[in-house]
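S.K.: Output the structure for:
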Amino acid sequence: MAYTKTTWVNGSAPPINASNLQNIEDAVDNLDDILSGSASLMGSLSFAGAYKLVGLAEGSASGESVRYEQVLLKNTAFDSDINLGGNDLVNIGILSMAGSGTIKGGLSTNSDINLGGNDLVNIGTLSMAGSGIALGNISMSGKLTSLSAGSANGDSVRYEQLIQQIAGGAHGDLYFRGSSTDERLAIGGSSGMVLTSHGASKDPIWQAVAGGGGGINTYMGTIARGFSAGTQAITGVGFTPTLVLFMTDRGGSGWDDGTTHMAVMEDNGGAWRRMNTHSMKWWTSYPGTSFQGLISSMDADGFTITWSVTGSPGGSWEVYYLAIE
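M.R.: Numbers count the residues shown, from 1 in each chain. So this is what the prediction gives:
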């Protein structure tokens, strides 16, 4: 039923006559139809200040309440709180919240929701159980509250800062899952490196490999040593070698990976010999007097040699080496 509008002229009451009494009766009937649900209040409905829709919570005991499903709200602006009482509000059109009100309960809509330019704070749990929910465009000029990972306080962080944290600290960096949280893998180093896994529960690394990218890292150097026992740290290589090749000025050569030590050499009598106990050896008097060495550890910037003597050899030598990463 459509209602008949009653007009008061210039704010003054009309004269009491049969026609005006009928208008008043029609207005009362129209209001009764709206409240009983047989008619709908259409158009734009605006609430300002302390005005509220009363009794919208399901199961309200108030006798003056209006059932929300009996009223079709289109293009409605609210400056007060809206309590949906845990039920769905369907086909609400455009909902504009310019004030500080909160939305409570379930909300199902295929229309736009405009939250204004204010912060979105304390909305509780947003549950999307429907199959046709369209959020349209969401603009967040405010803040997301307490989203910093592992934060023990209520400090807010802007969403663009959160995206920057997830994306990494520098151009080219990667994130991977660590033992308990995400960790950043800096690109670093030279170009041409490849990402290499190290098995389960171990961090990946950037590494040069043969045949791709930067190829194999190598370093060449010399070692001067008198024939005496002891250890000698070889530094300045620039990486941890995986293999070292040796050539001595006494007619011998060898190779060593820190575990396996092999060599071939000429003894003082001119005979060639081989062994798998040392990577460098020289007999000053075969077979009783000799000087020998092997790699006892591969280090971050080179390697360490352990030298030993048999008998009392005298003299010194120079060794040339090629370290390979």
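S.K.: what's near enough to touch Thr289?
M.R.: Shown in contact with Thr289 (Cβ atoms under 8 Å, 6 or more residues apart in numbering): Trp283, Thr310, Gly311, Ser312, Pro313. Yep, even glycine has a C-beta here, placed from its N, CA and C like the rest.
S.K.: One more pass at 6 Å, please.
M.R.: Gly311, Pro313 (Cβ atoms under 6 Å, 6 or more residues apart in numbering).
S.K.: And it, what's its pLDDT?
M.R.: Note on Thr289: pLDDT of 88.
S.K.: Give me the distance between it and Asp249.
M.R.: Thr289 sits 18 Å away from Asp249, going by Cβ to Cβ, to the nearest Å.
S.K.: cool, and Gln207?
M.R.: 35 Å.
S.K.: From the neighbour counts alone, determine which of these two ranks first.
M.R.: More crowded of Gln207 and Asp249, by other Cβ atoms under 10 Å: Gln207, with 15 against 12.
S.K.: I figured the more buried one hits Ser197, correct?
M.R.: No: judged on Cβ atoms under 6 Å, Gln207 makes no contact with Ser197 at a distance of 10.1 Å.
S.K.: Longest strand of the protein, counting residues only.
M.R.: Secondary structure of the chain read by DSSP state E shows that its longest strand is strand 289-299.
S.K.: Past it, which element shows up next along the chain?
M.R.: strand 302-310 (DSSP states H and E).
S.K.: Buried residues, stretch 250-259. List them.
M.R.: Using 16 or more other Cβ atoms under 10 Å as the test for burial, stretch 250-259 gives Arg250, Gly252, Ser253, Gly254, Trp255, Asp256, Asp257, Gly258.
S.K.: and it, how far apart are its ends?
M.R.: Taking Cα to Cα, to the nearest Å, the first and last residues of stretch 250-259 lie 24 Å apart.
S.K.: contact partners of it?
M.R.: 243-247, 262-263, 265-266, 279-280, 282, 295, 298, 317.
S.K.: And the furthest pair within the residues you listed?
M.R.: Comparing every pair within the contacts of stretch 250-259 by Cβ to Cβ identifies Glu266 and Met298 as the most remote, at 28.0 Å.
S.K.: who's more crowded, the two?
M.R.: Remark: of Glu266 and Met298, Met298 carries more neighbours, 20 against 16, as counted by other Cβ under 10 Å.
S.K.: doesn't Thr240 make contact with the more buried one?
M.R.: Yes: counting by Cβ under 6 Å, Thr240 is a contact partner of Met298 at 5.4 Å.
S.K.: Which strands border the longest strand of the chain, and is each parallel or antiparallel?
M.R.: strand 280-285 (antiparallel), strand 302-310 (antiparallel) (DSSP bridges).
S.K.: Give me the buried positions along the first one.
M.R.: Going back to what we said before, that points to strand 280-285. Buried, per 16+ other Cβ under 10 Å, within strand 280-285: Met280, Lys281, Trp282, Trp283, Thr284.
S.K.: could I get those as a markdown table with distance to Gly302?
M.R.: Shown next, in a markdown table, are the buried residues of strand 280-285 (distance: Cβ to Cβ, whole Å):
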| residue | distance to Gly302 |
| --- | --- |
| Met280 | 16 |
| Lys281 | 21 |
| Trp282 | 23 |
| Trp283 | 28 |
| Thr284 | 28 |
